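*Asks:* Could you work out the structure for the sequence below:
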Amino acid sequence: MYLVAIIDWYSRYIVGFELSNTLDWTFKIEALQKAIKLHGKPEIINSDQGSQFTSDDYINLLKNNNIKISMDGKGRALDNHG
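*Replies:* Residues are numbered from 1 along each chain as shown. Below you'll find the model as predicted:
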């Protein structure tokens, strides 16, 4: 089982999440869309460089919503935290 969670860095609350049996990228897009619908769009979103977060559909969703993209360096899961 795979989980994606959208976390608000200020409040530390989970504002969106999805579960999936596969590592398919679509469930990550669904989680982000739900978070935007319920809480508004973030100014910036941070993720790792996994294929799910570098897919054209995911990147285009961020760009179409004018959300800045921040990605951790390869092999550096905590680069942009804190």
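
*Asks:* residues contacting Ile69?
*Replies:* Neighbour list for Ile69: 44-45, 59, 62-63 [criterion: CB atoms under 8 Å, 6 or more residues apart in numbering]. Heads up, the C-betas are built off the backbone N, CA and C, glycines and all.

*Asks:* List buried residues within these.
*Replies:* Buried members of the contacts of Ile69, counted by 16 or more other CB atoms under 10 Å: 45, 62.

*Asks:* from the contacts of Ile69, which ones fall inside helices?
*Replies:* Using DSSP state H, the subset of the contacts of Ile69 located in helices is 59, 62-63.

*Asks:* And the contacts of Ile69, which two are furthest apart?
*Replies:* Within these, Ile44 and Ile59 form the most distant pair, 13.8 Å apart (CB to CB).

*Asks:* pLDDT and distance to Leu23 added to the ones in helices among the contacts of Ile69, as JSON lines?
*Replies:* Output for the ones in helices among the contacts of Ile69, formatted as JSON lines (pLDDT from 0 to 100; distance: CB to CB, whole Å):
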{"residue": "Ile59", "pLDDT": "91", "distance to Leu23": "17"}
{"residue": "Leu62", "pLDDT": "93", "distance to Leu23": "19"}
{"residue": "Lys63", "pLDDT": "94", "distance to Leu23": "23"}
